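Asker: Please find the sequence and the predicted model below.
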Amino acid sequence: MNQALKPFRRSSTAVAEPVEQPQYLTFRLGGEVYALEILHIKEIIEYGGLTEVPMMPRFLRGVINLRGAVVPVIDLAARFGRPATEIGKRSCIVIVEVQHEEDWLDLGIIVDAVDEVLDLPPEAIEPAPAFGAKLRAEFIQGMGKLDDRFVILLSLNHVLSIGEMAELAAGTEGAGSAGP
């Protein structure tokens, strides 16, 4: 495993204790820095072992076998309407849990590189911009202030909306790998 990439796994048996301020995992995607709340993240794994699935939208890169479970892997850049992520030395898959109706599902997202875990106090988070962002407004939970720069805090429930992605996948049936 790449020395720069330290394994991370959230323990499912840990008792939840009150957290004074949310923590965020920052990662790079297409030259920009994004963050997800750490509560949604199960683990970070090296990129590899991906099996492509024919006739899927271009943001669904394939599936991986994660300890016997089939986990869909989403190309976050393609989900944002950008060119597909080019896999590099630091590329990895972040495994997240998303809720769909009453169930919790694991999904993988491809990122260029994982950076760090940040403590962001509520006063360091600004509302999402009303205009000018390169993402759909509902994808942005807020903007985290770090010194002289901002980190885009993603709203996982909107970015990885199972219902919306299923609708997009249904719209690509018979259309090859075209998609949003």
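Answerer: Received the coordinates, thanks. Numbering: from 1, shown residues only.
Asker: OK, contacts around the residue sitting nearest the centre point of the chain?
Answerer: With distances taken as Cα atoms, centre = their mean, I109 lies nearest the centre of the chain, 4.6 Å away. By Cβ atoms under 8 Å, 6 or more residues apart in numbering, I109 lies in contact with V73, I74, D75, L76, I93, V94, V96, L160. Every residue, glycine included, has its C-beta placed from N, CA and C.
Asker: Output the residues you listed in JSON lines; the columns should cover pLDDT.
Answerer: Output for the contacts of I109, formatted as JSON lines (pLDDT from 0 to 100):
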{"residue": "V73", "pLDDT": "94"}
{"residue": "I74", "pLDDT": "92"}
{"residue": "D75", "pLDDT": "92"}
{"residue": "L76", "pLDDT": "89"}
{"residue": "I93", "pLDDT": "96"}
{"residue": "V94", "pLDDT": "95"}
{"residue": "V96", "pLDDT": "92"}
{"residue": "L160", "pLDDT": "78"}
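Asker: Among these, the buried ones, what's the PyMOL command?
Answerer: In PyMOL, a selection of the buried entries from the contacts of I109 looks like this (16 or more other Cβ atoms under 10 Å):
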select buried, resi 73+74+75+76+93+94+96+160
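Asker: Which ones among the contacts of I109 lie within helices?
Answerer: Using DSSP state H, L76 are the members of the contacts of I109 that sit in helices.
Asker: Show me which of the contacts of I109 is closest to D148.
Answerer: L76 (25.3 Å; Cβ to Cβ).
Asker: Thanks a lot, catch you later.
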